[in-house]
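K.L.:
got a predicted structure plus its sequence, pasted below:
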Amino acid sequence: MFDLTGRTALVTGAGQNVGAGIARALGTAGATVLVNDLRPGRADEIVEALVADGVTAVAVPFDVTDRAAIDAAVAESGPIDVLVNNAGNGGAEAMLPKKFAATDPDDWLGPMEINLHGVLHCCHAVLPGMVERGHGRIITISSAAGTHGVGMGFVPYSVGKGGSLSLMRSLALEHGRDGITANSVALGIMDSVRAETAAALTKAIPVGRLGSPDDVGAACLWLASDEAGWVTGQTIGLNGGAFTS
């Protein structure tokens, strides 16, 4: 239904799981997909699989916290029509082993740097070209932690994800007349959780299953399409009905 032929899409953190699903969805719709990952080997594996299925894909490894590396990759890749900010940390790697009151500023650096500053860097790198061409789609993968908050050691993660939501709303207001849309997809519980906890977590989801990379890819494909040109500044909750209040 949605045709992205002639578009170039950069998907960060696309070397596995949700990011790989997004890259596949956009590529299958005709986009040339730039598969980013911090680890070059993972990006290469996804590109190999996509190309085998007829998708035009190129590996562009860089660290989203390294602004110079991002600028260099964008300059080399050429115009970016669609940016999907998917890179981030979550789960155990995002958790601090202490409550917020016991943290100090250094504890915030990692979660904030990747979940908020990484999004800022990538947006800043692609926006001038989008403005010049009068068209662009920016999609940021956030979390229910950003819309609803969560404690238990995840306060910096929640704040980073919440900040990215605010950034998308602000860019939507600032660049709507430039032909650019900016939206967020706030994820609920995904099927990448540990098997021993999956059954219990599924019980809390009204539709009765965890989310999949294909679910996220479908949402991003719509937001990247011309058909979603009047959708901007929005946060789409992709959560199976688990976070509705």
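P.N.:
Great, that's in hand.
K.L.:
residues touching the most centrally placed residue in the chain, list them.
P.N.:
Residue closest to the average C-alpha location in the chain (Cα atoms, centre = their mean): residue 86, at 2.2 Å. For residue 86, the contacting residues are 11-14, 18-19, 22, 141, taking Cβ atoms under 8 Å, 6 or more residues apart in numbering as the criterion. For every residue, glycine as well, the C-beta is placed using N, CA and C.
K.L.:
and the residues you listed, which is closest to residue 79?
P.N.:
Compare each of these with residue 79 using Cβ to Cβ and the shortest gap goes to residue 11, at 15.6 Å.
K.L.:
tell me how far the longest helix belonging to the chain is from the chain's mean position?
P.N.:
Longest helix in the chain by number of residues, with DSSP state H as the criterion: helix 155-175. Shown here is helix 155-175, whose average C-alpha point lies 12 Å from the average C-alpha point of the whole chain (Cα atoms, centre = their mean, to the nearest Å).
K.L.:
equivalent analysis for stretch 183-194, please.
P.N.:
Taking Cα atoms, centre = their mean, one finds the center of stretch 183-194 at 10 Å from the center of the full chain.
K.L.:
do stretch 176-194 as well
P.N.:
Remark: stretch 176-194 is offset 6 Å from the chain centroid, using Cα atoms, centre = their mean.
K.L.:
average pLDDT across that stretch?
P.N.:
Per-residue confidence for stretch 176-194 averages out to 92 on the pLDDT scale.
K.L.:
mind checking the end-to-end distance for it?
P.N.:
Terminal residues of stretch 176-194 lie 40 Å apart, using Cα to Cα, to the nearest Å.
K.L.:
how about the worst-scoring helix or strand of the chain on mean pLDDT: buried residues?
P.N.:
Ranking every helix and strand in the chain by mean pLDDT, DSSP states H and E puts helix 195-202 at the bottom, with a mean of 82. Buried residues in helix 195-202, counting neighbours by 16 or more other Cβ atoms under 10 Å, are found at 201-202.
K.L.:
that one: what's the following helix or strand?
P.N.:
Toward the C-terminus, helix 195-202 is succeeded by helix 213-224 as the next helix or strand (DSSP states H and E).
K.L.:
what's next to that following helix, contact-wise?
P.N.:
If you take Cβ under 8 Å, 6+ apart as the criterion, helix 213-224 is touched by 2, 4, 7, 9, 17-26, 29, 31, 82, 84, 137, 139, 141, 181, 183, 185, 187, 190, 228, 231, 236, 238.
K.L.:
sweet, I'm off.
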